[in-house]
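Here's a sequence, model it:
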Amino acid sequence: MSVREIPRTTRPLDPATVEALKRLQPGQRVRITQTVRVGVRSWPAVVTGTFREFNVLATGLATERVAEDDIIVPVVHFTKDNQELSSVTLDENSKLEILS
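Purely as a prediction, here's the structure:
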């Protein structure tokens, strides 16, 4: 899938994140910021790395009932600075920045 073809996801992404995904090329440095929330506490989680690819993960309930049960989430695959291969699923609060 071309990065420029951003598929429909269950929850809409932030428009700035969609635009960054459209411009993103393999080998570019990225910073992804997400909000982690546990109970009433929340804090930012930031990760940086080298972009590898973008795709979507289609998942759903264990039983096939109706199409609305499907959950489609965007996934960014990248390599961390320590050479660890990693992936992050994006949500409507995720922020993706191109660093280079």
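
Show me what the longest strand anywhere in the chain is packed up against.
Looking across the chain with DSSP state E, the single longest strand is strand 41-59. Using 3 or more CB pairs under 8 Å, 6 or more residues apart in numbering; DSSP states H and E as the contact test, the elements touching strand 41-59 are strand 29-38, strand 71-80, strand 85-89. C-beta here means a position set from N, CA and C on the backbone, and glycine is covered the same way.

Now do it: distance to the chain's middle.
4 Å (CA atoms, centre = their mean, to the nearest Å).

what about the residue nearest the centre of the chain, distance to K80?
Centroid-nearest residue in the chain, with CA atoms, centre = their mean: L90, separated by 3.0 Å. Going from L90 to K80 by CB to CB, to the nearest Å gives 17 Å.

swap in D91?
According to CB to CB, D91 stands 20 Å off from K80.

which of these two has more neighbours?
D91 (17 against 12; other CB atoms under 10 Å).

My guess is the more buried one contacts R11. True?
Yes - applying CB atoms under 8 Å as the test, D91 and R11 come out as touching, 6.1 Å apart.

on that earlier part again, including distance to T59 and mean pLDDT, could the helices and strands packed on strand 41-59 go into a markdown table?
Formatted as a markdown table, the helices and strands packed on strand 41-59 follow (distance: least, CB to CB, whole Å; pLDDT from 0 to 100):
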| stretch | distance to T59 | mean pLDDT |
| --- | --- | --- |
| strand 29-38 | 18 | 95 |
| strand 71-80 | 5 | 90 |
| strand 85-89 | 10 | 95 |
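
nearest to A58, of those?
Each of these has some distance to A58 by CB to CB; the shortest is strand 71-80, at 5.1 Å.

Work out the gap between that closest one and the centre of the chain.
Centre-to-centre, strand 71-80 and its host chain are 4 Å apart (CA atoms, centre = their mean).

of the helices and strands packed on strand 41-59, which approaches V18 most closely?
Using CB to CB, the helices and strands packed on strand 41-59 put strand 71-80 closest to V18, at 9.2 Å.

And that closest one, what's buried?
P74, V76, F78 (16 or more other CB atoms under 10 Å).
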